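Q: mind looking at a prediction? Sequence and model below.
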Amino acid sequence: MTISWTEGDDSILPDRPIKGRGSVSNRSGRFEGEQRARIDDGWLLEEDLGDRPRLRTQLGIDAARSVITRNTSPDVPFDRSINPYRGCEHGCVYCFARPTHAYLGLSPGLDFETKLFWKPDAAALLTVELARPKYRCGPIAFGTNTDPYQPVERETFAMRGLLQVLRDCSHPFSIVTKNALICRDLDLIAPAGQANQARVMVSVTTLDRGLANKMEPRASTPEKRLDAIRRLSDAGVPTGVLVAPIIPAVNDHEIEEIVTRAAEAGATSAGHVLLRLPLEIEDLFKEWLATHMPDRAERVLSLIRQSHGGQLYRSKFGERMRGSGPYADMIATRMKLARKKLGLDRRTLAMMDCTAFTPPRKPSAQLSLL
């Protein structure tokens with residue numbers, strides 16, 4: 001049944017947060033011809049106005065024919081990446097990958113964190129791609145779109161399968177994550193790190209557990225992430241901290257403390273990214289601010305605009321991840337001084353060893369003679 005409504009209609013019920021989820025609503029994607037709204041039809045019971053029921057995570061199949069994605073962006077230090085999952089159960093409200101769910105006809109809101117897709121054949125596909133005669137070795141980046149160590153990885157082991165392929169052919173890789181589950185695979189990551197074939201960046205957005213529960217409800221707690229840095233570093237893996245995203249008037253006051261705690265845990269590098277609000281994320285983030293921080297919402301949005309030429313987001317290369325203007329420059333300066341003080345010199349992927357790579361044998365139905 002189609003229900004007509006207009007913005008400001010008194011029959012529209014406001015969305016409320018769901019425990020364990022980051023997005024407040026399930027707004028339609030930009031390619032959809034309809035918009036969703038909860039309507040009061042006059043039959044509401046008192047319990048309907050209470051907490052919204054929890055949403056279970058649904059896991060579907062991504063029938064991809066390849067796993068390595070190429071890019072030529074000047075904003076990132078790698079030219080290839082792998083994402084074992086579409087969507088991310090961590091539920092980070094600010095996640096710049098949310099708009100990709102619109103391509104699937106799903107919402108970048110709650111759908112993004114509850115309707116996930118994984119690649120069960122990822123390891124086999126990677127083996128085929130690495131075995132091609134024209135393949136040239138270069139560091140493969142994980143966690144560039146969605147987190148490879150989100151909670152469903154405990155069931156699928158998709159990331160572990162990919163690491164086993166890379167281990168067997170001595171292929172270098174980097175990982176960005178905010179989940180301590182990465183330590184499960186230390187037996188694969190540590191030898192690569194010691195051989196200069198692995199780098200890890202652990203994202204620590206805040207040290208405030210309450211704030212983390214609101215921003216990134218299903219990611220590891222801040223303390224567990226710091227412990228992951230410690231365990232990785234102790235195992236000989238070059239590990240850094242990524243203070244990302246930095247949100248004006250929300251977590252920007254924590255920059256120095258986060259970097260200091262990470263350095264104490266063994267981090268050897270530090271980086272940052274200023275909050276990005278492309279496409280549907282803008283409205284989703286506004287909803288989140290109005291729900292959890294109504295007292296400072298306008299201040300936050302004003303500082304974001306000051307960092308993007310008066311807009312909430314600009315996609316210009318060189319500025320989209322760092323911003324521009326006095327506020328953005330101040331953040332960059334604070335990060336630079338913190339790195340210098342703590343000796344966290346950033347190491348690039350170009351320094352990783354690619355010379356030991358040995359192409360895997362391409363799967364064949366023909367048996368070997370030996």
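A: Nice, thanks for sending it over. As the structure is a computational prediction, the values presented were derived from the model and not from experiment.

Q: going forward, measure contacts and count neighbours with C-alpha atoms only.
A: OK.

Q: how about the nearest residue to Asp168 once chain neighbours are set aside, what does it touch?
A: Excluding its sequence neighbours, the residue lying closest to Asp168 (Cα to Cα, 6 or more residues apart in numbering) is Pro360, at 7.6 Å. Pro360 makes contacts with 127, 130-131, 168-169, as judged by Cα atoms under 8 Å, 6 or more residues apart in numbering.

Q: same check, this time on Pro99
A: Applying Cα under 8 Å, 6+ apart, we find Pro99 in contact with 29, 108, 278-281.

Q: list the buried residues of the longest helix seen in the chain.
A: Counting by DSSP state H, the longest helix found in the chain is helix 326-342. Applying a neighbour-count criterion of 16 or more other Cα atoms under 10 Å, one finds 328, 331-332, 335, 338-339, 342 buried in helix 326-342.

Q: and these as JSON lines, adding pLDDT and distance to Gly60?
A: Shown next, in JSON lines, are these (pLDDT from 0 to 100; distance: Cα to Cα, whole Å):
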{"residue": "Ala328", "pLDDT": "97", "distance to Gly60": "40"}
{"residue": "Ile331", "pLDDT": "98", "distance to Gly60": "40"}
{"residue": "Ala332", "pLDDT": "97", "distance to Gly60": "40"}
{"residue": "Met335", "pLDDT": "97", "distance to Gly60": "40"}
{"residue": "Ala338", "pLDDT": "97", "distance to Gly60": "43"}
{"residue": "Arg339", "pLDDT": "96", "distance to Gly60": "42"}
{"residue": "Leu342", "pLDDT": "96", "distance to Gly60": "44"}
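
Q: by neighbours, which of the contacts of Pro360 wins?
A: Among these, Leu130 has the most neighbours (other Cα atoms under 10 Å), with 23 neighbours.

Q: from Leu211, how far out is it?
A: From Leu130 over to Leu211 the distance is 42 Å, taken as Cα to Cα, to the nearest Å.

Q: per-residue confidence for Leu223?
A: Residue 223: Glu, not Leu. pLDDT for Glu223: 98.

Q: tell me where the stretch 151-300 of the chain has strands.
A: Using DSSP state E, counting those that start in this stretch, the strands of the stretch 151-300 of the chain run over 173-177, 198-203, 239-246, 269-274.

Q: now mean pLDDT, mean neighbour count and distance to Arg322 too, for these, in TSV please.
A: TSV is the format used below for those (pLDDT from 0 to 100; neighbours: other Cα atoms under 10 Å; distance: least, Cα to Cα, whole Å):
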stretch	mean pLDDT	mean neighbour count	distance to Arg322
strand 173-177	98	24	18
strand 198-203	97	25	16
strand 239-246	97	26	10
strand 269-274	96	21	5
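
Q: in a markdown table, list those strands along with distance to Pro151.
A: Shown next, in a markdown table, are the strands of the stretch 151-300 of the chain (distance: least, Cα to Cα, whole Å):
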| stretch | distance to Pro151 |
| --- | --- |
| strand 173-177 | 12 |
| strand 198-203 | 16 |
| strand 239-246 | 20 |
| strand 269-274 | 24 |
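
Q: nearest to Arg86, out of those strands?
A: Arg86 sits nearest to strand 173-177 of all the strands of the stretch 151-300 of the chain, at 15.0 Å, using Cα to Cα.

Q: neighbouring strands of that closest one in the sheet, and parallel or not?
A: strand 140-142 (parallel), strand 198-203 (parallel) (DSSP bridges).

Q: for stretch 119-138, what is the average pLDDT?
A: Stretch 119-138 shows an average pLDDT of 97 in the prediction.

Q: what residues of it count as buried?
A: Quick answer for stretch 119-138 (16+ other Cα under 10 Å): 119-127, 129-131, 137-138.

Q: cool, stretch 253-269 as well?
A: For stretch 253-269, burial by neighbour count (16+ other Cα under 10 Å) applies to 254-256, 258-260, 262-263, 265-269.

Q: ok, now which ones touch the closest residue in space to Gly138 that isn't next to it in sequence?
A: Spatial nearest neighbour of Gly138, chain neighbours left out: Cys354 (6.4 Å); criterion: Cα to Cα, 6+ apart. Applying Cα under 8 Å, 6+ apart, we find Cys354 in contact with 137-139, 171-172, 197.
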